[in-house]
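*Asks:* Let's see this in three dimensions:
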Amino acid sequence: MQANENVDNPLPSPEEFSVLSQVIRDVARRGRLSADDAQDFAQTVHLRLLERRYDVFLRFSGLSSLRTFLTVVVRRMLLDWRRTQYGTWRASQAARRLGPAAIALDTLISRDGYTVDEAIETLRTRAIPDTPSQLRRLAVALPTHQPRRPVGVDAIDSFMSMGFEDPIQQLDSAREAMAVKRRLATALKQLAADDRRLLDLRYRQAQRVPAIARRLRTDCKGMYRRCDKVLRSLRNALDATA
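*Replies:* Got it, this is the predicted structure:
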């Protein structure tokens, strides 16, 4: 597959998009991400690349295979994603004092947004010797973390100002970057209010999909499908305004 030399920077072809999607799945699997984290990471990659109109394909020189090139890009994005998700989070002092099971509970409940019952059920599938009743007593002993401050739907307007450092090199043209951001901002404004709020919760407030699903009282799988649908809508809108 040759590098795309179209200066108009079109969105990737179906074949290119298929290779990218497979690379994302492979990187997530090798990174030992859970199913939920893998979907979370994939959606983040696509959104960040969409902000750039997938210009990563224009940077492909053909010196290696496209799959190898994209693997390098996506692996670096995984490092960024991990730092964003977990870099500044630490289990509470109480959890560390109570031991590994309490730390695991604190991580699932406070960081990942699980309910106590969901966290206990998750830990039952792992090699943790504590019984459900013991885990529940540990959960009761954990401190309650301060919830995130809600941000209004209008905050989506500032969503486009979130910085993204290219994993290969910086933008070649600041003018093109601003044009892309304006088109994407227009596409965002054309979304339904519920979809804009979903993006606000997902990316502005950095809430995980399971937590959003519980907040909106819907099933988690359906919420992942809805996120994918909104991202596809943004891609199509951006392609139409190119």
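
*Asks:* so what's the residue nearest in space to the middle of the chain closest to, chain neighbours aside?
*Replies:* Central residue of the chain (CA atoms, centre = their mean): residue 44, 3.3 Å from the mean position. In space, and not counting its chain neighbours, residue 44 is closest to residue 81: 5.8 Å by CB to CB, 6 or more residues apart in numbering. No exception for glycine: its C-beta is placed from N, CA and C like everyone else's.

*Asks:* Name the SS class of the one you found, please.
*Replies:* helix (DSSP: H, G, I helix; E, B strand; the rest coil).

*Asks:* Identify the residues contacting it.
*Replies:* 41, 44, 45 (CB atoms under 8 Å, 6 or more residues apart in numbering).

*Asks:* Confirm for me that the last one is in contact with residue 76.
*Replies:* No - in terms of CB atoms under 8 Å, residue 45 does not count as a neighbour of residue 76; the distance is 10.7 Å.

*Asks:* More neighbours: those two, which one.
*Replies:* residue 45 (22 against 15; other CB atoms under 10 Å).

*Asks:* show me the contacts for the more buried one.
*Replies:* 24, 74, 77, 81.

*Asks:* Nearest to residue 51 among these?
*Replies:* Closest approach between those and residue 51, by CB to CB: residue 77, at 12.4 Å.

*Asks:* so how many other residues sit close to that closest one?
*Replies:* 21.

*Asks:* With residue 20 instead?
*Replies:* Residues near residue 20, counting by other CB under 10 Å: 23.

*Asks:* For the remainder of this discussion, apply numbering that starts at 473.
*Replies:* Fine by me, first position is 473 from now on; the one you just mentioned is residue 492.

*Asks:* Name the residues of the host helix or strand of it that are buried.
*Replies:* Residue 492 is located in helix 486-502, with elements delineated by DSSP states H and E. Across helix 486-502, burial judged by 16 or more other CB atoms under 10 Å covers 488, 491, 492, 495, 496, 499, 500.

*Asks:* Which pLDDT value goes with the fifth one?
*Replies:* Looking back up the chat, that one is residue 496. We have a pLDDT of 94 for residue 496.

*Asks:* Was I right to think it contacts residue 546?
*Replies:* Yes - if you go by CB under 8 Å, residue 496 and residue 546 touch, sitting 5.6 Å apart.

*Asks:* Ranking helices and strands of the chain by mean pLDDT, which lands last?
*Replies:* One helix or strand of the chain scores below all others by mean pLDDT, DSSP states H and E: helix 646-661, with a mean of 69.

*Asks:* Looking at the helix or strand just after that one now, give me its mean pLDDT.
*Replies:* Moving toward the C-terminus from helix 646-661, the next helix or strand (DSSP H and E) is helix 665-671. Mean pLDDT, helix 665-671: 83.

*Asks:* picking that back up, just give me the closest of the contacts of residue 517 to residue 616.
*Replies:* Of all the contacts of residue 517, residue 616 sits closest to residue 553, with 26.9 Å by CB to CB.
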